[in-house]
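K.L.:
just coords:
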């Protein structure tokens, strides 16, 4: 089985593909505003399970999604690629880089993505949080639940107008499909990937909106390469797509090659 995706070859020879993974409630179309700044780069925008044109596809967890991604890339004949993921899509990108088939992976760029929780208390709290939201998605008014979703602290940089736009944009989702994906890929069931991420041989960086203080701090605290996108919050590629694309290409063209930490024990 493969995921629905939108392919744009860009007429580029020899360049790796840029493979985009959206966040919860999003779709491949979320990355459309970046395309004018990516002329000459082959791009693949993927609809994750339960979303967009993949709304009828379910996944049992991160390993399942990673395998679906591998099958999709193979089906598209893509053998050299960068993963660029936002929020949920970023967490899937990180998992895939650590546990998936990475034979063609050239590097990873994530935006507003968590590398994993470090203690059981945090996991229990997050499990309760996500279970509550999954229940609200399926049991309460969908537009009102979406409005409440975008009131969460991580979206504090949004204006009322931006929140209203996002609610209208997300109303077409199937709440049950999104709830199922939230449950199967909750941060509470994601492993803490930090140790493995520091051992990756491919380049890795966080792109964070300048107002996304939570994830800027998280990247810094975790010791990961960080680039900030001016005039942007948690969803930097939506807030400032041209600058996001510029920062992404700057890193892809001149990646920071870290020294890999080897376990000598």
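P.N.:
Happy to help now that I have it. Just so it is clear, the structure is predicted and the values come from calculations on it, not from any experiment.
K.L.:
List the contacts of residue 242.
P.N.:
Contact analysis of residue 242 by C-beta atoms under 8 Å, 6 or more residues apart in numbering lists 36, 37. Every residue, glycine included, has its C-beta placed from N, CA and C.
K.L.:
tell me the helices in the chain, going along the chain?
P.N.:
Assigned by DSSP state H, the chain shows helices spanning 62-75, 88-99, 120-139, 142-149, 160-170, 175-184, 194-197, 213-222, 236-239, 241-253.
K.L.:
quick one, which of the ones you listed is nearest to residue 27?
P.N.:
Among the helices of the chain, the nearest to residue 27 by C-beta to C-beta is helix 160-170 (9.1 Å).
K.L.:
Buried residues of the closest one, list them for me.
P.N.:
Buried residues in helix 160-170, defined by neighbour count with 16 or more other C-beta atoms under 10 Å: 162, 163, 166, 167, 169, 170.
K.L.:
Which of the helices of the chain sits closest to residue 113?
P.N.:
Closest of the helices of the chain to residue 113 is helix 88-99, at 2.5 Å (criterion: C-beta to C-beta).
K.L.:
between the closest one and helix 62-75, how big is the angle?
P.N.:
Using axes from the mean of the first three to the mean of the last three C-alpha atoms, to 10 degrees, the inter-axis angle of helix 88-99 relative to helix 62-75 is 90 degrees.
K.L.:
Only the buried residues of helix 88-99, if you could.
P.N.:
Burial within helix 88-99, assessed by neighbour count using 16+ other C-beta under 10 Å, is assigned to 88, 89, 90, 91, 92, 93, 94, 95, 96, 97, 98.
K.L.:
can you redo those as CSV with pLDDT and distance to residue 53?
P.N.:
Below are the buried residues of helix 88-99 laid out as CSV (pLDDT from 0 to 100; distance: C-beta to C-beta, whole Å):
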residue, pLDDT, distance to residue 53
88, 98, 17
89, 98, 15
90, 98, 21
91, 98, 21
92, 98, 17
93, 98, 20
94, 98, 24
95, 98, 22
96, 98, 20
97, 98, 25
98, 98, 27
